[in-house]
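**Q** task: produce atomic coordinates for the following.
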Amino acid sequence: MRGLGYRLAAAGACGVLGLTVAGCGSDGDSARHDQHVLLLSIDGMHQSDLAGYVAAHQDSALAKLVARGAQYTGAQVLAPADSFPGTLAMITGGSPRTTGVYYDDTWARDLFPAGTKDCATAKKGAQVPLTEEIDKNTDELDGGQGLTGLPDGITAMTGDPVSVLDPARLPVDPATCKPISPSDYLKVNTVFSVVHDAGRRTAWSDKHPAYQIMNGKGGRSIDDLFTPEIDSKSPKGDPWTKDSDQTRRYDTYKADAVVNEINGKDHSGAQQAGVPAVFGMNFQAVSVTQKLPASKGYSADGKPGALLSASLDFVDQQIGRFVAALDKAGLTGKTTIVLTAKHGQSPIDPNALTRVDDKPIIDAVNKEWAATHPETPKLIVHSIDDAAILWWLADRSPEATAFAKRKLLEANGTGTDINGNPKPFTASGVDTGQVYAGADAVKYFGADADDTRVPDLFAGTNGTVYTAGKSKIAEHGGTSPDDRHVPLVVVGSGISKHDVPEQVSLTQVAPTILARLGLDPRGLDAVKSEHTATLPS
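**A** Next up, the predicted model:
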């Protein structure tokens, strides 16, 4: 992404952490790699969280990992710092301009809306929700598979979540006039594709069946993909994300799956399958707790409150389980562990928070445009506003994009602070120096002018969270350091303890995973397209 401040080196895709890679000019004796890679994402975690936790808990699992490996203290996630740009960066080596995925709920001008039957007369332009919205049954932890004995019976959930996606909720491909799966929406392959094609086993655990996208374009490449729906109803009747204890319980199901896989079984633990070459999970506990008003997030000096500290302790305990399981299985010397976060969370400083309801802003833009352009009653056809603003417009002319930007910057009002008290905002709560519309948005993302998925307007924020109520005190998806500066630690054979302070991108994790497995990083489409380098030693 050329305009985002993290250009990747064009050279070096074959050298990482002191090893050489098959197909990249190996000199034989100096080649070092592992048989397995365990990738862990602690969603919402900042580099400052890791540093603070290790300093305060020097006998913790996290501290012991840091003491064994390379710590990249300048690691940055992509902008928008959301789940899918972050996840896909780690497993494809590419940015949204290459993957075609700009957010977890996005818009595609090249597809037909879900439910389209008559593709001869249909109008292109479709929402692409890569969320719980495409489950057969969002209320159920199994996404609608029909299992009994939930929630604890979730271990019997399918390892191929495409079977619990509702085709009627998927956008339609004009070329076939059939629903398009999340994996085929992705324009490139993934590390799972390359490893699977090499004849090795793959596995992953994540929060929605929509993470079927991680298979990559071209079909199933994750042998065991465990995706219990986090936005289903917990035993308390509310989504798991409404309660930090319930979220930790939810995460434990996925952690159990990882332990089962370390022990050579499938995610359920019922069948012998062999230890995957690449596997792992994301943790939701930290991210969810950061958002909950009851947690109060952080103190003004950046220290986590009691509930957030408990979630960090929980994650540390689960990572300790993984390390112990690897030791017991005799895999410690054969496994690379990559620990990071696919996004941070903002704001850390509670005093910086301004909650803004974006609906009146969007409605006002649409109403004023329609008054003089009756042929376009709804200018903003799709919007995603969390800790940033992304708008897709029905009219993409310079006049329309300039209008949308101007009205965004003219919108002033009153939101709420962390205590729910009134707090004024200007310019819709955005950072006025980070507003890109039309051609500027295309340039910001490094996309081509004919990109059918790039937002028509993108705006970053510093402390603003877009929400209609007071149910959250933090969010992600933006450009601020709180959203983008995340931990990154790599532990494995031939890696000694050291810190790397230079700025690196999460896109560099993908080629590094392949390098650690002795596979050619250039097997990744996005690595070839963006010349993504492996992580420096």
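**Q** quick one: the helices in the stretch 401-537 of the chain?
**A** Along the stretch 401-537 of the chain, counting by DSSP state H, counting those that start in this stretch, helices occupy 439-444, 481-484, 509-516, 525-530.
**Q** now the lengthiest helix in the chain: buried residues?
**A** Longest helix in the chain, counting residues (DSSP state H): helix 306-328. Across helix 306-328, burial judged by 16 or more other C-beta atoms under 10 Å covers 307-312, 314-316, 318-319, 321-323, 325-326. All C-beta spots, glycine's among them, are computed from the backbone N, C-alpha and C.
**Q** out of those, the closest to Leu457 would be?
**A** Taking C-beta to C-beta as the measure, Leu457 lies nearest Leu308 of the buried residues of helix 306-328, at 32.9 Å.
**Q** quick one, what contacts that closest one?
**A** Val286, Thr289, Gln290, Ser295, Gly297, Tyr298 (C-beta atoms under 8 Å, 6 or more residues apart in numbering).
**Q** go ahead and confirm Ile154 touches Glu140.
**A** No: contact criterion C-beta atoms under 8 Å: Ile154 and Glu140 do not qualify, at 9.6 Å.
**Q** so which of the two has more stuff around it?
**A** Neighbour count, other C-beta atoms under 10 Å: between Ile154 and Glu140, Ile154 has more, with 24 against 20.
**Q** need the three-state assignment for that one.
**A** helix (DSSP: H, G, I helix; E, B strand; the rest coil).
**Q** from Gly100, how far off is it?
**A** Between Ile154 and Gly100 the distance, using C-beta to C-beta, to the nearest Å, works out to 31 Å.
**Q** what does Asp43 give?
**A** Asp43 is 22 Å from Gly100, by C-beta to C-beta.
**Q** out of the two, which sits in the busier spot?
**A** Neighbour count, other C-beta under 10 Å: between Asp43 and Gly100, Asp43 has more, with 26 against 22.
**Q** tell me the contacts of the residue lying closest to that one once chain neighbours are set aside?
**A** Nearest residue to Asp43, sequence neighbours excluded (C-beta to C-beta, 6 or more residues apart in numbering): Ser287, at 4.0 Å. Listed by C-beta under 8 Å, 6+ apart, the contact set of Ser287 reads Asp43, Gly44, His343, Gln345, His476.
**Q** give me the next element, helix or strand, following the lowest-mean-pLDDT helix or strand in the chain.
**A** Every helix and strand of the chain was ranked by mean pLDDT, DSSP states H and E. The lowest is strand 19-20, at a mean of 37. Next helix or strand after strand 19-20 toward the C-terminus (DSSP states H and E): strand 36-42.
**Q** relative to helix 306-328, how tilted is that next one?
**A** Angle, strand 36-42 to helix 306-328, by axes from the mean of the first three to the mean of the last three C-alpha atoms, to 10 degrees: 170 degrees.
**Q** average pLDDT across strand 36-42?
**A** For strand 36-42, the mean per-residue pLDDT is 98.
**Q** distance between the helix or strand just after it and the chain's centre?
**A** Counting by DSSP H and E, the next helix or strand C-terminal to strand 36-42 is helix 47-56. Distance, stretch centre to chain centre, for helix 47-56: 22 Å (C-alpha atoms, centre = their mean, to the nearest Å).
**Q** so for helix 47-56, mean pLDDT?
**A** In this model, helix 47-56 has a mean pLDDT of 98.
**Q** which other helices and strands does it contact?
**A** helix 61-66, strand 70-76, helix 306-328 (3 or more C-beta pairs under 8 Å, 6 or more residues apart in numbering; DSSP states H and E).
**Q** alpha carbons of the helix or strand following the longest one, in CSV - could you do that?
**A** By that I understand helix 306-328. As assigned by DSSP H and E, the chain's next helix or strand after helix 306-328 is strand 335-340. Extracted C-alpha coordinates of strand 335-340, given in CSV (Å, rounded to 0.1, in the frame of the first residue of the first chain):
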residue,chain,number,x,y,z
THR,A,335,7.9,-25.4,15.9
THR,A,336,8.0,-21.7,15.1
ILE,A,337,5.6,-19.6,17.1
VAL,A,338,4.5,-16.3,15.7
LEU,A,339,2.6,-14.1,18.1
THR,A,340,1.0,-10.9,17.0
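**Q** sounds good, over and out.
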